[in-house]
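> Sequence isn't available, so here's the structure alone:
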């Protein structure tokens, strides 16, 4: 099962970091693979976001997500509900001396022939959690 996790410290208050991450309209600012994203339904748990990401050969891949857990300023979790791979993700935030410690984890269960995609999925997950450096740069400048 491909998994990836990363933790960083952002020199901003937890409330500011959480608000930015929870509003996926901001994703293209720090996730370069996002081609298009917009809210499609709901608020809070159950909220859905239409998302298209860059795929092989320049194709756009559906990657819609649904919020599965929401604790303001603490936890934001989601799962993909569209696309060839359906990862689950989780952001955990904690205050640390006026800054924010942010952990981001991704995991995906691959079954059948999709197991052959495991190395490619792992590479993509590593890149996604690596994008936290972009988030840090965007929020701190």
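Yes, it's here. Keep in mind that this is a model prediction, so the values were computed, not measured. Numbering: from 1, shown residues only.

> roughly how far apart are the residue nearest the centre of the chain and residue 99?
Centroid check for the chain by CA atoms, centre = their mean gives residue 89 as the closest residue, at 6.1 Å. With distances defined as CB to CB, to the nearest Å, the gap from residue 89 to residue 99 amounts to 22 Å. Placement of C-beta: from N, CA and C, glycine included.

> and what of residue 72?
18 Å.

> So between those two, which is more surrounded?
Neighbour tally, residue 72 and residue 99, criterion other CB atoms under 10 Å: the higher count belongs to residue 99, 17 against 13.

> ok, now which ones touch that one?
Taking CB atoms under 8 Å, 6 or more residues apart in numbering as the contact definition, residue 99 lies against 9, 10, 11, 12, 13.

> List the buried residues in the lowest-mean-pLDDT helix or strand in the chain.
Lowest mean confidence among the helices and strands of the chain (mean pLDDT, DSSP states H and E): helix 118-130, at a mean of 87. Burial within helix 118-130, assessed by neighbour count using 16 or more other CB atoms under 10 Å, is assigned to 121, 122, 124, 125, 128, 129.

> So the last one versus residue 136, what's the distance?
Relative to residue 136, residue 129 is positioned 12 Å away (criterion: CB to CB).

> Check the second one too.
Here residue 122 is placed at a distance of 23 Å from residue 136 (CB to CB).

> where exactly do the helices run in this protein?
For the chain, the helices identified by DSSP state H occupy 14-22, 27-30, 118-130, 132-140, in order along the chain.

> could these go into TSV alongside distance to residue 103?
Supplementary listing: the helices of the chain in TSV, determined by distance: least, CB to CB, whole Å:
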stretch	distance to residue 103
helix 14-22	12
helix 27-30	16
helix 118-130	9
helix 132-140	9
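
> right, and the ones you listed - which one's nearest residue 4?
Taking CB to CB as the measure, those were each checked against residue 4, and helix 118-130 came out nearest at 3.8 Å.

> what's the closest one packed up against?
strand 3-10, strand 99-107 (3 or more CB pairs under 8 Å, 6 or more residues apart in numbering; DSSP states H and E).
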